[in-house]
Structure formats: structure tokens, C-alpha cells
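> output the structure for:
(chains A and B)
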Amino acid sequence: MTTNILLTGVGGQGTILTTKILSEGLVKLGFDVKMSEIHGMSQRGGTVNTQLKFGSKVYAPNIGEGEADLIVAFEKVEALRALPYLKKGGRIIMDDREIYSMPVLTGQQEYPHDADEVLKKAVGNVTVIPASRIAAELGSIRSQNICLLGALVAALDLGGIDWEKLVESSVPPKTAEVNVKAFRAGYELVRK
Amino acid sequence: MNNEIMSGDEAVARGAWEAGVTVAAAYPGTPSTEILENISAYKEDIYCQWANNEKVASEIAIGASIGGARALSAFKHVGMNVAADPIFTAAYTGVNGGLVFVSADDPGCHSSQNEQDNRHYAPHAKLICIEPSDSQECKDFTIAAFELSEKFDVPVLLRMTTRVCHSKSIVSLGERNVSASKRYESRPSKYVMVPANAVARHVVLEENLKSAEEYAYGSPLNKVEWGDRSVGVITSGISYQHSREAFGDKASYLKLGITYPVSSKLVREFCAQVDKVYIVEEGDPYLENSVRALGIDCLGKEVVTLQGELNSQIVGKAFGTGRKIEKYEVDAKAPARPPVLCAGCPHRGFYFTLSKHKGELVAAGDIGCYSLGASSPFNGFDTLVCMGGGFSMPIGLSKALEKQGDRRKVFGILGDSTFFHSGITSLIDAVHSKANVCLCLLDNSITAMTGHQQNSGTGISLMGYEVPRIDALKLVLASGVEESKVRIVDPLDLQAMDKAITDAIASTGVFVIITRRPCALLKEVIRANAGAHCVIAPDKCVGCKACAKVACPALAFENGKAYIADPASCNACGLCAQMCKFSAISKVGK
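Residues are numbered from 1 along each chain as shown, chains lettered A, B, ... in the order given. You can find the predicted model right below:
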């Protein structure tokens, strides 16, 4: 059995770095880990998904529909888009940040502002973390991803290693302090 | 033991270093790009470079191999088409130092124009083919590839796929083989492929491949895993991982690491010990055909799709072992999020202007960030086939339109890296054929789409050294384009951009427009624009949406008025401000 996590966001939000730190922590904890990221054209403002599986033995690196134990969404509609991947009884952790895609900006498609409410109703186990706002207040919206990492580590109850130290060594030195604060904030919000 | 979590590409780079490689060359292409990027971390030991295209990269590797180096060249699947010419004959010459070509295929077209299955190149070009299925194997198989190449005097094709290249898993690290290089020896009968020598080498090559097949029978790269013997699964690469998840212990597995030449003896023995044979593979019935050729009945592409990537659910469903998938469903729909030109992208100014001249021209595009100009609202061009095609297809297109009395000007569009890749030869042909075309070189000073690799026009090498900067303008003029028919424009200056396109449409013969403005995501550009962004005065904005015509992702509307929704990504390029007739948009922080 593996634990399957899907992280989803928009190009540039830092989902890949988040998954990298998470996977390094999981290796330290002794798990077999595989992660899958598809990048390329998706960097240019498209949806970016990274998938991570851990357990005693992992075969395929990617997650199919109905297989994710946890979805971490960096943007509101990306949580909605990823929903088919969630296992029945699974959990969603999401930022309620809204980033408008070109079809929305040009008025061709509607942005469902109530996506978080829709998901809460359908899934139940949905935790909204205002990670971008928290990160902005701490000094940089770019730490949004690390705030969500903190929430994720708390949700999976992954004790046993010093995550804050790992965060510190994985981000640019100048941003270490704000990122550690962001991690702590996300962690505390979910642990409660 | 020293363990690290690595992507398949990183692990190939590590494997190359451990194998004692001293020369590596590539042209960037997703999902292969990170192989050379990571090899450059070992630049103390490995000479490495971005070549102008995959053919040149492969020829550099072939020369290095003959010179005694263990050498590697890497490309995406379509890049191997460009490299095919030297590779087919390199199989005849054989190697001195081990020679490995890495093909990174892209089933599912995550970042590509087709889904070709490059395993076919192995029997076609007569190369040994090996396929890793995770990062540890990427490292181990890379090392094995160099050993096999030298043992059988044949280049090896290391065939990967996107999911292997871009997935990360644990890799145990080893030491570098420091005594891998061989002495160079002049051996014309082996390395000069004039007909008489080639005929003789072909005989040797076939013998070498026969020996390789005998070796494959006992090779540790092939693995049999016994489970329930009612089903025997023959598989390779990432499909092995999906098969393990789909069938678990309810099947036995023949996991082929060497997929050319396939060991007939191994396949026969395995199939004789199972009741039914399933073939699980992405893409074409490549393994299936080699099993069927032995007269063995099996189930494969009859039930498994030829298209896209597989996963354990697709495999389970195909063979009737899948569980029912339970998932949540809601009525709300997520709006589409297609990739777009970034905020501040210089290509936007070009495409916006081009779109204003819709009825007067027909355009052909090419591979790169500027291919994003094909989408709405610019709908910038009608064709995209391959690299370099953006400059040569207009020749044929313009001749066809001329014959039909269609007077629209044909435009061709490609980028700086693509120009050096294969646009130069196309340009020369346009001049030679007196084509009535406008060729647009969108120079953003970097190979952008694959994540900012240096190219011949940037003056910096992969290893980070200063090198001569090749001047595209001088090449254009040297190709015979008249100076009066060349325009160099800042694409963010809409007036100048429009003048250049208008002049091009009015002229006859070959016209060249070079747009010059570095990619907005380049570190030095971000640094220069730090803190700069546009602001829109709500009292001046009348909500006419003229600014929306440049389709910038940083710009949004609320209550009918425009505002900069994402000041962090806006770099005050000012295109929206040039559109505004009410002076509502100004730049701040610059």
C-alpha cells in the first residue's frame, strides 16, 4: 500500500519545489518514494501537477483517477480540476487564491468563485488554508508553497525529522527565514 | 551507501559520469533537456556542449567515440529524426570508446508534436536498445550501455519516456570509472565508410548483433519475476511499473531491459512456462511483433491503446483485471487553463501586430515558445510541423498560392535557437528560390521553451564559458537577403512593429524581420525590471477593453474596469498602455 499525494497549481507557483522537499523528507524517514512531474509547455501559465507516492515499495510514479489520498491545491479551480483523482474518503487542502486563465480573462469562460464551497459539500474533508495571504503578510507571496507544505506535513502527521531545517536548506538563503515562518504557519493551522 | 532522490534525466547524467564519459553533446528538447544540464555539473571531468541541432550533437559524440572517449548524445524523440543520418552509419563504423544515444520519447505529447515510438530505430539503424523503468535503472543502464557498446562494437540506444525522464526515485551513487578512455588509432577500413568498407562493415555489424542477442539471454538487464503462471506479462520501461500495479502477484513477468536485440531464447522459455502471454507496452506493438515473429500467440495491442501514456488503470481495464474506479463528481466545471505567452513576453507585440494584418497574409509557425502565438486571440499562424519548417514551408506555400493567383504574402516564423538549428539552410533556399516570403526571426536571446538554454547567439556555452556570439543578422545578409529588405524591430514598440510588417507585405522577394528583445523570464531581465509594473487609474479607465486585445495574463477586469491582477508577473512591458486611448495605464517602479 502506498500513500498518494497530488499537488496541483499554476506554472510558477512552486509545486515542483514543494514536492522535492517533501520527497527528500520522506526518503529521510525511510520510505520508498516516487514522484512524477510533467513540465515543459505547462510552465507557461498552464496547470502544473506533481504526484508523489510513498510506502514500503512503490512501482508506478503516477496516480490515476480515484487514487489520491490527499490533494494539495495551490489555486482554487485547480482543486476542482483535480477532484476526479481524489480517492473516496480522501482529503483536500487548498488555498482559496484565484488565478484567472486566459479564457476567463477574455470572458469566454466563467470562473466558479464558489469552488471551495462546492468541494466542501461534495467531499467533506476540505481544509482551506489562505496560504498566499499568510505568505504575503509574512513578507513574500512566493512562500505560499512552503506554507502549504507545512499544512501537508501536519495533515500526514510526518514527524520524526526536522522539516524546518530541511526547508531552510532547500530554499535560497535570503528567503530562508520567511519560508520557515510560512512552513510553521501552515503546520499550525492544520495541526489544530 | 549514499542515496539520493533523482529524476531519470539526472540519473542518466550521473551514470554517464560514473561510466567515465568525457564528451557529451545535445540539442535541448523536452523531456531530454535535463540530461545535459546535469552533465554540465560534472564539467571538470566531462566536456559538454549544446550543439546547434541533434545531427551535429550526434556527430560530435561519434567523433569523440572514435577518438577513444566514452561519449553520449541526447535528444527528444523527434530530435532523433534529425540525428538519424549519422546514427545509421555509426552502427557500421562501430565504436572505439563506448557510444550512447539517448532518445527521450513523449507518449501523450506533453510537449511534442507527435508520439513516435523510437524503439523502431533500434532494428532500423541496427543499434542495441535498452530501456530503463526508474531512476536507479537509468543510472545502472547508462553505465551498462557503455559497457555493451564497447563489448559488441555497436552504438547503444538508451530509450526513455517522459514518465521515466521526469519521475524521481531513489538512486544509490557510485564512484567514477577514471580509466575508461581508450587510445585513438587510425583505422580507415573501420571508420571510412566508402562503399567497399561499408559492405565489409555491414557483415561485421550483423555478426555483432547476433552476439548481442546471445548475450541478452543471460543479461542481468533482463529479469524474470515469477508469480502466478496463468498469465505471463512481457513488458519494458515504465510499462513494467504499471503492469506490476495492475497484476500484482497474479502474473509472472518478463521485464526486458534489452529490447533490441530481443533474446528469442529467453522469450520462448518464458512463454513455455505460462498459460497466456500478455504484452504491455506504450506506443506501437514493438515487443508484440517480435514475440509474434517467433510464432507465439499473445494479447497486446488488440486491447491496449496505441495512443498516449498508460497507467495501471488503463492496463487493468484492457486485460479485464481492473477494479471499479470510485471518484467524486460535481457539477461545477473548472475553466480551461491553456499555456499562454507570459506577461511581458516580447512575442506578444509581434503576434498582436501580425493579427491586425490577418487578411493580407498567411503564416507558417515553428517549434518554441512562439508556437503559443497560434492560440486565440492571435491565431498567429496556420501550420506547425517541425524545427526549421517555419522558414522552409513558406517557400512551398508561397509557390502554391502564386499558382492559384492568391496574392497574400506568406510569412514564416521561428526563434533564434531554431534559426541556428535548421532555419539557416531554409533561409538560403528561400533566397535561392526567389520566394516571395517574409521570414520573421523572433530573437529573444535564449532557447526559452525548454527552460533557458544557451545557443550560438547568446555568447555563453553550456559549461558557462564565454564563446564567440554568432550574429544572426550577418548570417541573414551573407545569405543574400538585400539590406533594404531587412528590418530589426523591438517587438514591444507596436508602431515600429506595424511599420515592419506593412513594409514586408508591400515588398516582393525575400523580406526578413528580426524582432529583438530578451525573454521576460531571463534572470537579468527580471532583475532589471524588479518592482516595475503597470497601474491602471480607475477614474480614467472607461472599460473599452482595448487593452485586453494584447491578451496579457496579468491584466483582468472587475466591474467593467481593467486592473493589473498580478503585479508580480507584470514587468511594465507597456503593451497595454500603448493600446489605451485614455492614458489610463502608466508604469511605476521603473
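> hey, let's count contacts and neighbours off CA atoms from now on
Fine.
> now do the closest residue in space to residue A:7 that isn't next to it in sequence, the pLDDT please.
Nearest residue to residue A:7 in three dimensions, chain neighbours excluded: residue A:72, at 4.8 Å (Cα to Cα, 6 or more residues apart in numbering or on different chains). Model confidence at residue A:72, given as pLDDT, is 98.
> residues in a beta bridge with residue A:72, which ones?
Applying DSSP bridges to residue A:72 gives these bridge partners: residue A:7, residue A:93.
> burial of it, as a residue count?
26 (other Cα atoms under 10 Å in any protein chain shown).
> what about it, distance to chain B?
16 Å (Cα to the nearest Cα, to the nearest Å).
> which residues are in contact with that residue?
The neighbourhood of residue A:72, defined by Cα atoms under 8 Å, 6 or more residues apart in numbering or on different chains, consists of A:5, A:6, A:7, A:8, A:79, A:92, A:93, A:94, A:148, A:152.
> most neighbours out of those, which is it?
When neighbours are counted by other Cα under 10 Å, residue A:148 leads the contacts of residue A:72 with 33 neighbours.
> which strand or helix spans the nearest residue to that one once chain neighbours are set aside?
Using Cα to Cα, 6+ apart and skipping the chain neighbours, the partner closest in space to residue A:148 is residue A:186 (5.8 Å). Taking DSSP states H and E as the definition, residue A:186 sits inside helix A:176-191.
> and what of residue B:402?
Assigned by DSSP H and E, residue B:402 belongs to helix B:389-403.
> and residue 44, what's its pLDDT?
Went with chain A since none was named. pLDDT, read off for residue A:44, is 69.
> that answer is for a different chain, and I need it for chain B
Looking at residue B:44, the pLDDT reads 97.
> how about the worst-scoring helix or strand of chain A on mean pLDDT, does it reach chain B?
In chain A, the helix or strand scored least confidently by mean pLDDT, DSSP states H and E is helix A:102-105, which has a mean of 87. Yes. Using Cα under 8 Å from any Cα of the partner chain, helix A:102-105 reaches chain B at A:102, A:103, A:104, A:105.
> where's that helix relative to the chain centroid, distance-wise?
Remark: helix A:102-105 is offset 23 Å from the chain centroid, using Cα atoms, centre = their mean, to the nearest Å.
> which is the next helix or strand following that helix?
The helix or strand immediately downstream of helix A:102-105 is helix A:115-123, counting by DSSP H and E.
> could you list the buried residues of the helix or strand just after that following helix?
Note on helix A:115-123: by DSSP H and E, the next helix or strand toward the C-terminus is strand A:126-128. Using 16 or more other Cα atoms under 10 Å in any protein chain shown as the test for burial, strand A:126-128 gives A:126, A:127, A:128.
> who does the second one bridge with?
When bridges are taken as DSSP bridges, the partners of residue A:127 come out as residue A:93.
> hmm, residue A:96 and it touching each other?
No. With contact defined as Cα atoms under 8 Å, residue A:127 does not reach residue A:96; the gap is 10.0 Å.
> spit out the contact partners of residue 115.
Just so you know, I chose chain A. Residues near residue A:115 by Cα under 8 Å, 6+ apart: A:76, A:77, A:80, B:332.
> that answer is for a different chain, and I need it for chain B
When contacts are counted by Cα under 8 Å, 6+ apart, residue B:115 touches B:105, B:106, B:107, B:108, B:109, B:283, B:307, B:308.
> now, of the residues you listed, which are buried?
Here, 16+ other Cα under 10 Å leaves B:105, B:106, B:107, B:108, B:283 buried among the contacts of residue B:115.
> reformat those residues as CSV; add secondary structure and pLDDT.
Below are the buried ones among the contacts of residue B:115 laid out as CSV (DSSP: H, G, I helix; E, B strand; the rest coil; pLDDT from 0 to 100):
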residue, secondary structure, pLDDT
B:105, strand, 98
B:106, coil, 96
B:107, coil, 96
B:108, coil, 94
B:283, coil, 98
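> can you redo the residues you listed as CSV with distance to chain A?
Below are the buried ones among the contacts of residue B:115 laid out as CSV (distance: Cα to the nearest Cα, whole Å):
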residue, distance to chain A
B:105, 13
B:106, 11
B:107, 12
B:108, 11
B:283, 17
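> distance to residue B:254 added to those residues, as TSV?
Shown next, in TSV, are these (distance: Cα to Cα, whole Å):
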residue	distance to residue B:254
B:105	22
B:106	24
B:107	22
B:108	25
B:283	19
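> pLDDT weak spots in the stretch 101-250 of chain B?
For the stretch 101-250 of chain B, applying pLDDT under 70 flags no range at all.
> to clarify, my last question referred to the stretch 251-400 of chain B.
Checking the stretch 251-400 of chain B against pLDDT under 70 turns up nothing.
> that one: helices as residue ranges?
Applying DSSP state H, counting those that start in this stretch to the stretch 251-400 of chain B gives helices spanning B:264-272, B:286-292, B:312-318, B:347-356, B:389-403.
> between those helices, which one is closest to chain A.
Proximity to chain A (Cα to the nearest Cα) singles out helix B:312-318 among the helices of the stretch 251-400 of chain B, at 6.7 Å.
> count the neighbours of the one residue in the stretch 451-590 of chain B that gets nearest to chain A for me.
The minimum distance from the stretch 451-590 of chain B to chain A, using Cα to the nearest Cα, falls at residue B:556 (5.7 Å). Counted with other Cα under 10 Å, residues neighbouring residue B:556 total 24.
> what's near enough to touch the most centrally placed residue in chain B?
In chain B, the C-alpha nearest the mean C-alpha coordinate belongs to residue B:29, at 2.5 Å (Cα atoms, centre = their mean). Residues counted as contacts of residue B:29 (Cα under 8 Å, 6+ apart) are B:75, B:76, B:79, B:450.
> what do you get if the cut-off is 6 Å, keeping everything else the same?
residue B:76 (Cα atoms under 6 Å, 6 or more residues apart in numbering or on different chains).
> now residue B:509
Here residue B:509 is in contact with B:434, B:435, B:436 (Cα under 6 Å, 6+ apart).
> need the residues of the stretch 451-590 of chain B near chain A, please.
Contact residues, the stretch 451-590 of chain B versus chain A (Cα under 6 Å from any Cα of the partner chain): residue B:556.
> residue boundaries of the helices in the stretch 451-590 of chain B?
B:472-478, B:494-506, B:523-528, B:575-579.
> also chain A?
All helices of chain A, identified by DSSP state H, fall at A:15-28, A:76-82, A:102-105, A:115-123, A:131-138, A:144-155, A:163-170, A:176-191.
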